[in-house]
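[1] quick one, fold the following:
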Amino acid sequence: MANPWAGEVTLQVNGVPVVLKLTLGALAGLEARLGADSLVGLIERFEGGAYRTADLLALIHAGLQGGGWHGTEAELAQAEIAGGFAYAAAVAARALALAFAPPEGA
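    Residues are numbered from 1 along each chain as shown. Predicted coordinates:
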C-alpha cells in the first residue's frame with residue numbers, strides 16, 4: 001500500500017501493485033534521461049503538457065525505481081498497465097505532485 005505522505009502512489013504493472021516514488025535519485029536520473037536543463041524545466045514540461053509518450057514512460061520508470069521496482073524501461077514498455085495510458089499518466093502526475101507537496105488536506 002502506497003503512503004501519500006511519503007510521496008508514494010500505486011500502479012498495477014502486470015497484475016501486481018507496485019509503488020512509484022520520485023526520490024531525489026529518481027528525479028536526478030529522470031532529469032539526465034530526458035535532458036532537462038533543470039528540475040523546474042522538467043516539471044514545467046509535464047505540467048504544460050509538452051511531454052512525449054517516451055517522457056511519460058521515463059517518468060513512470062523513474063518512480064518505479066524509486067519505489068523499489070527492478071525492471072528495465074524496456075520491460076515497462078512491454079508491461080500491462082492496469083487502467084491504460086490515461087490512468088498511468090494520472091498516476092505519474094500524482095507522483096510528480098507528491099514529490100513537491102504534501103497530500104491534499106495536509
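[2] where does pLDDT dip in this protein?
    Low-confidence segments of the chain (pLDDT under 70): 102-103, 105-106.
[3] which parts of it are strands?
    8-13, 16-21 (DSSP state E).
[4] just checking, residue 77 touches residue 56?
    No: judged on C-beta atoms under 8 Å, residue 77 makes no contact with residue 56 at a distance of 10.8 Å. No exception for glycine: its C-beta is placed from N, CA and C like everyone else's.
[5] more crowded one of the two?
    residue 56 (16 against 13; other C-beta atoms under 10 Å).
[6] so the nearest residue to residue 53 once chain neighbours are set aside versus residue 67, what's the distance?
    In space, and not counting its chain neighbours, residue 53 is closest to residue 85: 7.9 Å by C-beta to C-beta, 6 or more residues apart in numbering. Separation of residue 85 from residue 67 (C-beta to C-beta, to the nearest Å) stands at 20 Å.
[7] which of the two has more neighbours?
    Per other C-beta under 10 Å, whichever of residue 85 and residue 67 has more neighbours is residue 67, with 22 against 10.
[8] dump the residue contacts of the more buried one.
    By C-beta atoms under 8 Å, 6 or more residues apart in numbering, the contact list for residue 67 reads 8, 18, 19, 20, 21.
[9] most neighbours among these, which one?
    Top of the contacts of residue 67 by neighbour count (other C-beta under 10 Å): residue 20, with 30 neighbours.
[10] so it makes contact with residue 95?
    Yes: taking C-beta under 8 Å as the definition, residue 20 is a contact partner of residue 95 at 4.5 Å.
[11] now the common contact residues for these two.
    8, 9, 63.
[12] could you dump those residues to TSV with distance to residue 33?
    Output for the shared contacts of residue 20 and residue 95, formatted as TSV (distance: C-beta to C-beta, whole Å):
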residue	distance to residue 33
8	21
9	20
63	12
